[in-house]
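Trainee: what would the 3D arrangement of this be:
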Amino acid sequence: MRAAPTTRTALLAGGLALAMIGAAYASVPLYRLFCAVTGFGGTPQVASEAAAVVPVAGQTIRVRFDGNVRAGLPWRFRPATPHVDVPIGERRIAYYRAANAGDQPVTGVATFNVSPAAAGRYFVKIQCFCFNEQTLRAGEAVDMPVIYYVDPAILEDPDARRIEEITLSYSFFPVRDPTAPPGIRATRAGEIARNS
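Mentor: Predicted coordinates:
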């Protein structure tokens with residue numbers, strides 16, 4: 001027995017609505033994956049700890065670090081060093097320092113970007129604190145490491161090989177901030193070095 005046209009239409013509309021809801025929930029992780037794989041929008045590549053890259057002798061690039069905090073998060077957040085000149089292909093570690101200047105625990109989460117955008121596909125992060133919720137007690141300070149390298153393939157890209165400086169910028173948002181970019185909440189992927 002066939003369903004009546006109105007029943008069939010209602011089932012089709014309900015199925016379409018469920019598919020759209022599913023697509024909405026999947027869009028943020030899929031977009032993040034797309035950006036991580038392609039470097040789209042200045043998104044750095046992500047590599048495993050085992051990634052083996054050979055530094056290119058005599059080829060350096062300046063990496064500038066930037067950190068800022070959105071309104072509503074009572075933190076001080078800044079890079080330990082404003083910039084470094086690194087050999088292309090050499091693995092490096094940089095630290096950002098966050099301190100809760102408030103009188104109660106606060107949770108924040110960071111987003112990042114790389115500029116210029118053409119450098120995003122060549123700036124490779126091995127470990128970082130972005131997209132992980134970080135809770136700091138009142139007065140607590142932490143050092144947050146970023147392990148990275150600049151892929152030697154940048155020297156073969158006609159659009160990127162003349163880049164002399166790459167900026168890695170992090171913005172911290174309060175977790176409950178409605179103006180934070182969608183999908184920045186994530187589970188902890190690793191530990192950070194905590195200092196009192």
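Trainee: domain ranges for this protein, per the record?
Mentor: Using automatic domain parsing, the domain ranges for the chain come out as 1-38, 42-195.
Trainee: compare those and say which comes out lowest on pLDDT.
Mentor: Ranked by mean pLDDT, those end with domain 1-38 at the bottom, a mean of 61.
Trainee: residue boundaries of the helices in the chain?
Mentor: Ranges of helices within the chain are 5-38, based on DSSP state H.
Trainee: for it, which segments count as strands?
Mentor: For the chain, applying DSSP state E gives strands covering 45-46, 60-69, 75-79, 83-87, 92-100, 106-115, 123-127, 134-136, 141-150, 165-174, 193-195.
Trainee: can you put those in CSV and add mean neighbour count and distance to residue 54?
Mentor: For every residue, glycine as well, the C-beta is placed using N, CA and C. Shown next, in CSV, are the strands of the chain (neighbours: other CB atoms under 10 Å; distance: least, CB to CB, whole Å):
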stretch, mean neighbour count, distance to residue 54
strand 45-46, 18, 17
strand 60-69, 18, 15
strand 75-79, 18, 27
strand 83-87, 15, 10
strand 92-100, 18, 15
strand 106-115, 20, 22
strand 123-127, 20, 14
strand 134-136, 18, 34
strand 141-150, 20, 10
strand 165-174, 21, 19
strand 193-195, 10, 28
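Trainee: got the ones you listed as TSV, with distance to residue 12 columns?
Mentor: Below are these laid out as TSV (distance: least, CB to CB, whole Å):
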stretch	distance to residue 12
strand 45-46	40
strand 60-69	48
strand 75-79	49
strand 83-87	56
strand 92-100	50
strand 106-115	38
strand 123-127	44
strand 134-136	45
strand 141-150	48
strand 165-174	40
strand 193-195	53
